[in-house]
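>>> All I have is the shape, not the residue letters:
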């Protein structure tokens, strides 16, 4: 998976000088979630349903949106899950607004708490009666390191 980091810069012109101000910084974190075949009969079917439900979430029933919000609440207010896509498995894209949010997401990933969050989310989105288990939740160390470097370079400019 590829990692993207974004930075929005605004130039302001005054009578004395041209200055650059950083307005917004965020890092996009890509992960790969592979479903456990033991928790579903056919892995492809729940993956399709999960992606379809995620994409249709804005128009879903309020109860479903509330359950999804509850499942994602442990991520905190500075981290958002923005995309779920089918790849060889399910690709997840998170936006972290701060270095602290990135480090918190990494801690949740290391402690398996993030896997629990993703399993709960997938179960809600799939409509399954039994928990949809995640066999593997992959986050490349090089992607994490790039995000760390990105936020560190931003802090160095302040």
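Arrived safely. Predicted model, so just to flag it, every value in this text is computed and none were measured. Numbering: from 1, shown residues only.
>>> buried sites along stretch 116-134?
116-126, 132, 134 (16 or more other Cβ atoms under 10 Å). C-beta: built from backbone N, CA, C; applies to glycine.
>>> Flag the shaky bits of the protein, pLDDT-wise.
1-24, 154-158 (pLDDT under 70).
>>> what about the strands in it?
4-13, 18-35, 79-86, 90-96, 134-138 (DSSP state E).
>>> How much space separates the nearest residue to residue 43 once chain neighbours are set aside from residue 48?
Setting aside the residues directly before and after it, residue 43 is nearest to residue 35 in space (Cβ to Cβ, 6 or more residues apart in numbering), at 5.0 Å. Note on residue 35: its distance to residue 48, by Cβ to Cβ, to the nearest Å, is 11 Å.
>>> Kindly report the same for residue 126.
For residue 126, the distance to residue 48 - Cβ to Cβ - is 10 Å.
>>> Same check on residue 89?
Taking Cβ to Cβ, one finds residue 89 at 12 Å from residue 48.
>>> Of the two, which one has the most company?
Neighbour count, other Cβ atoms under 10 Å: between residue 89 and residue 48, residue 89 has more, with 18 against 13.
>>> if you skip the residues just before and after it, what's nearest to the more buried one?
residue 34 (4.1 Å).
>>> show me the contacts for the one you found.
Residue 34 sits next to 89-90, 134-138 when contact means Cβ atoms under 8 Å, 6 or more residues apart in numbering.
>>> Show me what it bridges to in the sheet.
residue 136 (DSSP bridges).
>>> isn't residue 67 right next to residue 124, touching?
Yes: Residue 67 lies in contact with residue 124 (Cβ atoms under 8 Å); the separation is 4.9 Å.
>>> list the contacts for the most centrally placed residue in the chain?
In the chain, the C-alpha nearest the mean C-alpha coordinate belongs to residue 94, at 2.0 Å (Cα atoms, centre = their mean). Shown in contact with residue 94 (Cβ under 8 Å, 6+ apart): 28-29, 31, 75, 79-82, 105.
>>> now, which of these sits nearest residue 53?
residue 81 (13.1 Å; Cβ to Cβ).
>>> burial measure for residue 47, as a count.
The burial count for residue 47: 23, using other Cβ under 10 Å.
>>> would you list the contacts of residue 94 in CSV and tack on neighbour count and distance to residue 98?
Shown next, in CSV, are the contacts of residue 94 (neighbours: other Cβ atoms under 10 Å; distance: Cβ to Cβ, whole Å):
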residue, neighbour count, distance to residue 98
28, 17, 14
29, 26, 12
31, 22, 18
75, 19, 13
79, 22, 9
80, 16, 12
81, 19, 16
82, 10, 16
105, 24, 11
